[in-house]
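Peer 1: got a predicted structure plus its sequence, pasted below:
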Amino acid sequence: MNNKAGLYIHIPFCKSKCPYCDFYSVKYDRALSEKYANELIKTMNDYSGEFDTVYFGGGTPSILESDLIGKILSSAKEHFDIDKNSEITIECNPSKDLEKDFYDYSKYGINRVSIGMQSARDEERFALGRSAGQTEVAKSVNDAKKAGINNISLDVMLGTPKQTLSSLDETFEFIDKMNVTHISAYMLKIEEGTRFFDLKDRLNLPDEDTVCEMYLKTVKSLKSLGFNQYEISNFAKPSFESRHNTKYWILDDYLGLGKSAHSFWGGKRFYYDTDWSLKSEGKVDLEEERIMLGLRLNRGIDKSLVKKDFSRFVKMGLMKESENKIALTSEGMLVSNLIISELL
């Protein structure tokens, strides 16, 4: 078990709210962001620990002036014991010209970027409320590489307005051309409280069967491009799995700082509310969580963890069994919630 933890830093600012997003975010304002950064740094005093991953998530962390990112990161390095070989990631929106920022990030020690692409087709990106097209995504990838950051992840969304099974090919061709190391591919969920929820009857969305086909096609296509699936939604070239996100699924400790940031810390789950107050998430059932989170991973879990009969899922081709492990197949991952609830 890795005894070094992950540090998650939530930056809640965005240029505008994406119509599908239900994460906590506020409109960017320079003065407000500086105030927020100072408050965030202050909360570091409440904790101590050893970390070997740092992750700036959001919101849109890259919307901040790069010197503010540098200030937060150097404060974290002063307060905590952060391993010199840490994986340090920042999420970026390609609608901003990030050329200068990438050089700054690299100087601060950031060595991994996650770029919100969603699709390589402009009409699909615009239907998701994104203002940058394929050209800007390509520029961001190339600028990151020029600045010496070669560990690059792209986000892909499946089941979005205007998307078809054949239009997905354009996204895979683009991924191949960009020569990145990691892909996160998520199926669009229409969440209450979002613009898409209000418009749901008018959205031109692919049907459920097509979305399932899109997912299986994604698994197959990315495999042919050299990306191994290691988690339901995550694919990596060999040895480029997200070290930070893996901590979530193997129940390593992680500390979340910032408004709406969640933590699993010292055996407790808690989060910061939007007014900086700490809220408990209640009792942690480690046995259940090991099954629930472990089955998200391709490597699966120890058979001994599951007390219920899983053989019917193996017969149906939804699970695979080896000598001492069980794991979901790609088809099983499509109905993972159902299977996991049956096994708990």
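Peer 2: Looks like it arrived, so ask away.

Peer 1: count of neighbours near the nearest residue to residue 211 once chain neighbours are set aside?
Peer 2: Nearest non-adjacent residue to residue 211, counting by CB to CB, 6 or more residues apart in numbering: residue 159, 3.8 Å away. Any C-beta I mention is one placed from the backbone N, CA and C, and that applies to glycine too. Number of residues near residue 159 (other CB atoms under 10 Å) recorded here: 19.

Peer 1: renumber starting at 33 from here on
Peer 2: Fine by me, first position is 33 from now on; the one you just mentioned is residue 191.

Peer 1: contacting residues for residue 191?
Peer 2: 219, 220, 237, 238, 242, 243, 246 (CB atoms under 8 Å, 6 or more residues apart in numbering).

Peer 1: among these, which one has the lowest pLDDT?
Peer 2: pLDDT across the contacts of residue 191 is lowest for residue 238, at 75.

Peer 1: flag the shaky bits of the stretch 133-282 of the chain, pLDDT-wise.
Peer 2: Across the stretch 133-282 of the chain, the stretches falling below the confidence threshold (pLDDT under 70) are 222-224, 226-235.

Peer 1: if we use 90, what do you get?
Peer 2: Screening the stretch 133-282 of the chain residue by residue with the criterion pLDDT under 90, one finds the ranges 154-165, 191-194, 219-240.

Peer 1: can you list the strands that the one helix or strand residue 85 maps to pairs with?
Peer 2: Remark: residue 85 resides in strand 82-90, with elements defined by DSSP states H and E. As defined by DSSP bridges, the strand partners of strand 82-90 come to strand 37-43 (parallel), strand 113-124 (parallel).

Peer 1: ok, residue 101 touching residue 140?
Peer 2: Yes: Residue 101 is in contact with residue 140 according to CB atoms under 8 Å; the separation is 6.8 Å.

Peer 1: mind pulling up the pLDDT for residue 61?
Peer 2: The predicted structure lists residue 61 with a pLDDT of 89.

Peer 1: please apply the same query to residue 56.
Peer 2: pLDDT for residue 56: 68.

Peer 1: what are the pairing partners of the helix or strand residue 311 falls within, and which direction each?
Peer 2: Here residue 311 is covered by strand 310-312, with elements defined by DSSP H and E. Using DSSP bridges, the neighbouring strands of strand 310-312 in the sheet come out as strand 300-304 (antiparallel).

Peer 1: mean confidence score for the partner strand?
Peer 2: Averaged across strand 300-304, the pLDDT comes to 96.

Peer 1: quick one: contacts of that strand?
Peer 2: Residues contacting strand 300-304 (CB under 8 Å, 6+ apart): 42, 75, 288-295, 310-314, 316.

Peer 1: tabulate the contacts of residue 191 (CSV), appending distance to residue 179, neighbour count and secondary structure.
Peer 2: Converted to CSV, the contacts of residue 191 look like this (distance: CB to CB, whole Å; neighbours: other CB atoms under 10 Å; DSSP: H, G, I helix; E, B strand; the rest coil):
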residue, distance to residue 179, neighbour count, secondary structure
219, 32, 17, strand
220, 31, 19, coil
237, 37, 17, coil
238, 37, 20, coil
242, 39, 16, helix
243, 36, 18, helix
246, 33, 22, helix
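
Peer 1: let's have those residues in CSV, adding distance to residue 330.
Peer 2: As requested, those are arranged in CSV below (distance: CB to CB, whole Å):
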residue, distance to residue 330
219, 17
220, 22
237, 28
238, 25
242, 24
243, 21
246, 19
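
Peer 1: farthest-apart pair in those, please.
Peer 2: 220 and 242 (12.2 Å; CB to CB).

Peer 1: which stretches of the stretch 183-332 of the chain form strands?
Peer 2: Here the stretch 183-332 of the chain has its strands, by DSSP state E, counting those that start in this stretch, at 183-190, 214-219, 260-263, 266-268, 286-289, 294-297, 300-304, 310-312.

Peer 1: show me the strands paired with the longest one, marking each as parallel or antiparallel.
Peer 2: Paired neighbours of strand 183-190 in the sheet (DSSP bridges): strand 144-150 (parallel), strand 214-219 (parallel).

Peer 1: following the first one, which helix or strand shows up next?
Peer 2: Reading on from strand 144-150 to the C-terminus, the next helix or strand found by DSSP H and E is helix 154-159.

Peer 1: same for that next one, what does it pack against?
Peer 2: Using 3 or more CB pairs under 8 Å, 6 or more residues apart in numbering; DSSP states H and E as the contact test, the elements touching helix 154-159 are strand 144-150.

Peer 1: using CSV, write out every CA atom in the strand it packs on.
Peer 2: The C-alpha atoms that make up strand 144-150 are tabulated as CSV, following Å, rounded to 0.1, in the frame of the first residue of the first chain:
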residue,chain,number,x,y,z
ARG,A,144,1.0,16.7,-16.5
VAL,A,145,-1.9,18.5,-18.2
SER,A,146,-5.4,17.4,-18.7
ILE,A,147,-7.1,19.2,-21.6
GLY,A,148,-10.9,19.5,-22.0
MET,A,149,-11.3,18.4,-25.6
GLN,A,150,-14.7,16.5,-25.5
